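J.: take a look and give me a structure for this.
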Amino acid sequence: MYEMIQQKSKELAACMPSNPQFRTWIEQSDLWCWLYSMFRVSGRKMSKNSIVAMVAGELRDDAPLSAYALVNNCKSIYSDMKSYISMQADLDVRMLNRWAGMLLDKPSADPAETLYRQNNPIIYEWELIPAHFREINAKLTELLRTAAQIKDPKDPMDKISYVHLEIDRLYPYGEDTAMVAGLALMYLILQLGLPVPELSVGDIEYNKMIAKYAEDLDREPFRDMLSRSVYNRLDVVTGLAKQAGENNYEA
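T.: I've put the predicted structure just below:
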């Protein structure tokens with residue numbers, strides 16, 4: 001599947017218009033694809049139209065103030081991610097905690113004290129008993145260090161799936177873990193130079209995938225879903241890029 005993603009990515013690069021409005025659209029759609037995905041996998045009810053409108057800066061009667069705060073926080077995180085990507089920085093625990101703090105409105109010089117869970121829960125929807133909370137920082141640090149050492153993997157979607165699923169399995173940020181694991185996924189996708197996909201699952205399917213991984217460490221279902229989602233997003237963006245290029249030529 002990743003070969004198809006590579007081919008489609010090359011096709012997109014070849015037809016990418018110089019139109020700055022199109023690149024702005026890509027950035028906005030990166031954000032609403034991520035937000036819509038995270039709202040869905042966390043079981044929160046928010047229409048795609050509302051999210052698209054909020055990312056564009058519009059006011060919506062059906063959107064709570066907390067949703068606007070989340071959108072603004074994600075815009076700041078996205079900009080921060082772009083800066084790290086320009087420096088070719090590998091994802092590490094300091095970066096992830098920084099973004100978690102921005103996402104949750106809990107910026108702190110010592111995020112391990114303020115962001116990580118301080119208990120040892122049973123996660124029933126994932127059929128999971130995570131590691132002891134005092135082990136979180138060491139395990140999360142080691143996970144991201146190990147992932148950073150995997151250079152040029154045969155299938156980067158497998159590496160991204162591994163990082164995302166392992167963060168979920170560690171459950172470091174309590175009930176906000178899935179959204180923060182989504183930040184790691186977004187950064188690793190952007191690091192590949194790909195547009196951020198809209199994950200093709202809701203909360204029920206997502207929870208089943210996490211539960212399966214927690215049981216037998218089988219990441220294939222999640223990896224296949226992620227690969228399809230990335231390809232579908234590339235296909236849409238490529239088609240729109242071709243249309244934008246044709247419009248530029250006609251103008």
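
J.: can we go C-alpha only for contacts and neighbour counts from here?
T.: Noted.

J.: in the stretch 1-150 of the chain, which spans are strands?
T.: Along the stretch 1-150 of the chain, no stretch is classed among the strands by DSSP state E, counting those that start in this stretch.

J.: ranges for the helices of it?
T.: Applying DSSP state H, counting those that start in this stretch to the stretch 1-150 of the chain gives helices spanning 2-15, 20-41, 48-55, 65-86, 93-103, 111-114, 136-148.

J.: low-scoring stretches of the stretch 101-250 of the chain, by residue?
T.: Low-confidence segments of the stretch 101-250 of the chain, defined by pLDDT under 70: 108-113, 246-250.

J.: pick out the shakiest of the helices of the stretch 1-150 of the chain, pLDDT-wise.
T.: Mean pLDDT values for these show the minimum at helix 111-114, a mean of 67.

J.: burial of the residue lying closest to residue 195 once chain neighbours are set aside, as a residue count?
T.: Leaving aside its sequence neighbours, residue 195 sits nearest to residue 30 (Cα to Cα, 6 or more residues apart in numbering; 6.2 Å). The tally of other residues near residue 30 (other Cα atoms under 10 Å) stands at 21.

J.: residue 30 touches residue 193, doesn't it?
T.: No: applying Cα atoms under 8 Å as the test, residue 30 and residue 193 come out as separate, 11.9 Å apart.

J.: the nearest residue to residue 36 once chain neighbours are set aside and residue 35: what is the separation?
T.: Distance criterion Cα to Cα, 6+ apart; nearest residue to residue 36, sequence neighbours excluded, is residue 48 at 6.2 Å. Relative to residue 35, residue 48 is positioned 9 Å away (Cα to Cα, to the nearest Å).

J.: same thing with residue 116?
T.: In terms of Cα to Cα, residue 116 sits 22 Å off from residue 35.

J.: between those two, which one's more packed in?
T.: Neighbours were counted for residue 116 and for residue 35 using other Cα under 10 Å; residue 35 has more, 23 against 20.

J.: for that one, give me its contacts.
T.: Counting by Cα atoms under 8 Å, 6 or more residues apart in numbering, residue 35 touches 51, 71.

J.: with residue 136 instead?
T.: With contacts defined as Cα under 8 Å, 6+ apart, residue 136 is in contact with 116, 170, 172.
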